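Chemist: Pasted the sequence and its predicted model underneath.
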Amino acid sequence: MMIQTRNKLSTIVHPLVASMYLKKEYGNPHTQDHNDTLVIETNFPIDDNNSKSFNSYLQELLTDLPTIQNQVEARVGHIDRVDIRPVH
């Protein structure tokens, strides 16, 4: 059985990030083991006529990712994984 919790992180901002939250996944209910995932939802201004625009925004976000991760870890502790996905 897997249990998930989500905690929104609204104190850390970035121009290419719509929202961030910490997702905790607990696998075995008899242990304290869990996986902490930072989920970043992007708000890239996509230009359908320019396929390179997505790549340039993603590159900028990935360049800034270590700083973002350090800020999050300073507030919530160790992060096991980072997921980046577009806002739907």
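Modeler: Everything's here; your move.

Chemist: Output the lowest mean pLDDT helix or strand found in the chain.
Modeler: strand 3-8 (a mean of 69; mean pLDDT, DSSP states H and E).

Chemist: right, and the helix or strand after that strand?
Modeler: strand 17-26 (DSSP states H and E).

Chemist: can you give me the mean pLDDT across that following strand?
Modeler: Rounded to a whole number, the mean pLDDT of strand 17-26 is 89.

Chemist: Who does it pair with, and is each partner parallel or antiparallel?
Modeler: Taking DSSP bridges as the criterion, strand 17-26 forms sheet pairs with strand 3-8 (antiparallel), strand 34-42 (antiparallel).

Chemist: which residues sit against the longest one?
Modeler: Spelled out, that is strand 34-42. 6, 9, 16-27, 57-58, 61, 68-69, 72, 76-87 (CB atoms under 8 Å, 6 or more residues apart in numbering). C-beta coordinates here come from the backbone N, C-alpha and C atoms, glycine included.

Chemist: And R6, how far from L22?
Modeler: Relative to L22, R6 is positioned 7 Å away (CB to CB, to the nearest Å).

Chemist: These two: which has the busier surroundings?
Modeler: Neighbour count, other CB atoms under 10 Å: between R6 and L22, L22 has more, with 18 against 10.

Chemist: got a list of what the spatially closest residue to that one that is not a sequence neighbour touches?
Modeler: Leaving aside its sequence neighbours, L22 sits nearest to N7 (CB to CB, 6 or more residues apart in numbering; 4.7 Å). Contacts of N7 were listed using CB under 8 Å, 6+ apart, and they are 21-22, 24, 76.

Chemist: likewise N43?
Modeler: Neighbours of N43 in contact, by CB under 8 Å, 6+ apart: 16-18, 87.

Chemist: Mind giving me the ChimeraX command for buried ones among the contacts of strand 34-42?
Modeler: Typed into ChimeraX, the line below selects the buried ones among the contacts of strand 34-42, using 16 or more other CB atoms under 10 Å:
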select :9,17,20,22,57,61,68,72
